[in-house]
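Chemist: Sequence plus the predicted model coming up.
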Amino acid sequence: MQRIIAIVGAGIGGLSTALALARLGCVVDVFEQSPQLREFGAGIQLSPNATGILDNLGLTDALAKHWHEPDGLALISGDSLRTLTRLPLGSTARNRWHSPYAVIHRPDLLTALSKAIDTHADCRVFFGTSVPVASEEETLDALQDISGNRPDLIIFADGVWSRKRDSLPGSSPAAFTGHVAWRATSNETELSRLLPQGYIGSFLGPACHLVCYPLGNREAVNLVATTPGKPLKNQWDQAGDVKQLLRHFRSWNPQIVDALGRASWRAWPLFEARNTAWQDGSKTVLIGDAAHAMSPHAAQGAAMAIEDAVELAHCFRHEGGDAAAAISSYIAKRQPRVLRVRKRGDLNRFAYHARGPIRIARDLTFRALGEQRLAADLDWLYGYRAGKG
């Protein structure tokens with residue numbers, strides 16, 4: 001019997017899940033509130049635990065012409081410009097973790113997912129649709145009215161401000177982290193010259209840090225500065241006041257400050273969802289940011305949503321299409337993994353933004369680790385393969 005799946009949200013997590021389930025032969029209906037497919041024009045890092053999944057979903061050929069595989073990641077002092085440590089990527093990532101580490105423009109990833117979805121006759125996307133989040137039965141009825149199909153499984157992939165999550169007993173609304181991500185795309189080459197050739201750069205300073213990398217085949221550099229800030233409005237894309245940004249970088253190297261001052265910035269307040277329920281009833285489950293939005297300090301937000309997609313599809317197949325059993329198995333597998341990744345992000349935030357004696361100790365620790373020990377410390381993260389076993 002062919003199973004019918006409803007997915008609420010057509011972002012990276014929702015479309016990855018749709019593709020994973022469509023490849024199992026399921027009928028998949030995706031419901032998106034926006035009138036058309038859209039993704040904010042920022043860059044995204046795809047670590048090997050994500051690119052391995054995208055390869056298994058048949059997307060590598062479509063993505064490889066758009067992404068860039070950096071030779072490594074360098075952690076660099078924001079004032080002295082001294083390299084504190086390097087993480088080898090490039091061929092090392094392919095050999096050690098069996099998949100590439102890539103950076104890509106978000107819309108290019110979303111477009112590849114959308115085109116792959118279009119190849120499946122039993123997979124449809126309904127735009128401009130608002131799905132009720134009251135009871136599971138009411139949601140089932142509403143989805144059937146829209147699509148003509150009554151779902152066997154409902155997946156909410158509706159993001160960090162998920163209406164479904166907020167409606168669940170025991171779940172807390174998304175909470176502001178106290179940080180703002182400032183994003184810019186620039187043709188500025190000055191920052192690139194401060195990096196080891198072919199590397200992603202992460203410049204570290206008190207209370208903030210700056211990430212810099214090329215955007216695939218585009219003649220552009222992606223900049224992400226994370227600083228303390230206020231929540232402002234609950235939306236990702238807001239005009240950023242460069243004077244406000246530069247106040248956080250007053251003590252940084254003048255070459256960085258000058259380059260930041262020439263870019264045009266957008267401000268994205270960072271929210272996370274820590275204390276949440278992932279399930280409602282016997283047929284409804286949350287994935288991605290709707291379930292476990294986290295700060296970007298481990299660069300794993302999209303990767304966790306992509307892992308969710310194949311893990312849920314694997315559990316659904318393993319449980320013979322029994323929604324309740326699949327949801328239970330999925331949650332049991334994913335929650336410990338997500339918690340460990342979240343803790344790594346918390347540790348990175350503490351280390352990247354360190355001040356005073358803690359900063360000195362951090363720098364000594366980074367230099368003592370060395371490249372190979374640093375890579376080995378990430379085997380559990382980058383070498384993980386969701387949907388196996």
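Modeler: Noted; the coordinates are in hand. Residues are numbered from 1 along each chain as shown.
Chemist: Tell me the spacing between Ala375 and Ala354.
Modeler: In this view, Ala375 and Ala354 are 22 Å apart by Cβ to Cβ, to the nearest Å. Yep, even glycine has a C-beta here, placed from its N, CA and C like the rest.
Chemist: quick one: low-confidence parts of the stretch 251-389 of the chain?
Modeler: Counting by pLDDT under 70, the stretch 251-389 of the chain contains low-confidence residues at 389.
Chemist: The residue nearest to Gln2 when sequence neighbours are not counted: what's it in contact with?
Modeler: Ranked by Cβ to Cβ, 6 or more residues apart in numbering and with sequence neighbours excluded, the top spatial neighbour of Gln2 is Val27, at 5.8 Å. With contacts defined as Cβ atoms under 8 Å, 6 or more residues apart in numbering, Val27 is in contact with Gln2, Arg3, Ile4, Ile5, Asp122, Cys123, Asn149.
Chemist: which among those end up buried?
Modeler: Arg3, Ile4, Ile5, Cys123, Asn149 (16 or more other Cβ atoms under 10 Å).
Chemist: Hmm, Val30 and the fourth one touching each other?
Modeler: Yes - with contact defined as Cβ atoms under 8 Å, Cys123 and Val30 form a contacting pair (7.4 Å).
Chemist: rewinding a little: nearest to Gln300 among the buried ones among the contacts of Val27?
Modeler: The shortest approach to Gln300 among the buried ones among the contacts of Val27 belongs to Ile5, at 25.1 Å (Cβ to Cβ).
Chemist: measure that closest one to Leu140 for me?
Modeler: Look at Ile5 and Leu140: by Cβ to Cβ, they are 12 Å apart.
Chemist: and for these two, which residues touch both?
Modeler: When contacts are counted by Cβ under 8 Å, 6+ apart, Ile5 and Leu140 are jointly contacted by Pro151.
Chemist: Run the chain-centre distance for stretch 195-210.
Modeler: 19 Å (Cα atoms, centre = their mean, to the nearest Å).
Chemist: For that stretch, the averaged confidence score.
Modeler: Averaged across stretch 195-210, pLDDT comes to 92.
Chemist: Can you report phi and psi for the residue nearest to Gln2?
Modeler: With angles defined as degrees, to the nearest 10, Val27 sits at phi -80, psi 120.
Chemist: who touches the closest residue in space to Ala220 that isn't next to it in sequence in this structure?
Modeler: With Cβ to Cβ, 6+ apart as the measure, Thr185 is the residue that lies nearest to Ala220, at 5.0 Å, once sequence neighbours are left out. By Cβ under 8 Å, 6+ apart, the contact list for Thr185 reads Gly41, Ala42, Gly43, Leu215, Ala220, Val221, Asn222, Leu223.
Chemist: ok, what's across the strand from Thr185?
Modeler: With DSSP bridges applied, the residues forming beta bridges to Thr185 are Asn222.
Chemist: re earlier: right, and out of the contacts of Thr185, which lies closest to Asp379?
Modeler: Taking Cβ to Cβ as the measure, Asp379 sits nearest to Gly43 out of these, at 25.0 Å.
Chemist: Just give the nearest non-adjacent residue to that closest one, would you?
Modeler: Asn222 (3.3 Å).
Chemist: Same check on Ala207?
Modeler: Leaving aside its chain neighbours, Ala207 sits nearest to His353 (5.0 Å; criterion: Cβ to Cβ, 6+ apart).
Chemist: Check Gly58 too.
Modeler: Sequence neighbours aside, Ala116 is the residue nearest to Gly58 in space, at 6.6 Å (criterion: Cβ to Cβ, 6+ apart).
Chemist: helix, strand or coil for that neighbour?
Modeler: Local secondary structure at Ala116 is given as helix here, using DSSP: H, G, I helix; E, B strand; the rest coil.
Chemist: wait, isn't it in contact with Ala62?
Modeler: Yes - between Ala116 and Ala62 there is a contact under Cβ under 8 Å: 7.3 Å.
Chemist: Of those two, give the one with the bigger neighbour count.
Modeler: When Ala116 and Ala62 are compared for neighbours, Ala116 comes out ahead with 21 against 16, by other Cβ atoms under 10 Å.
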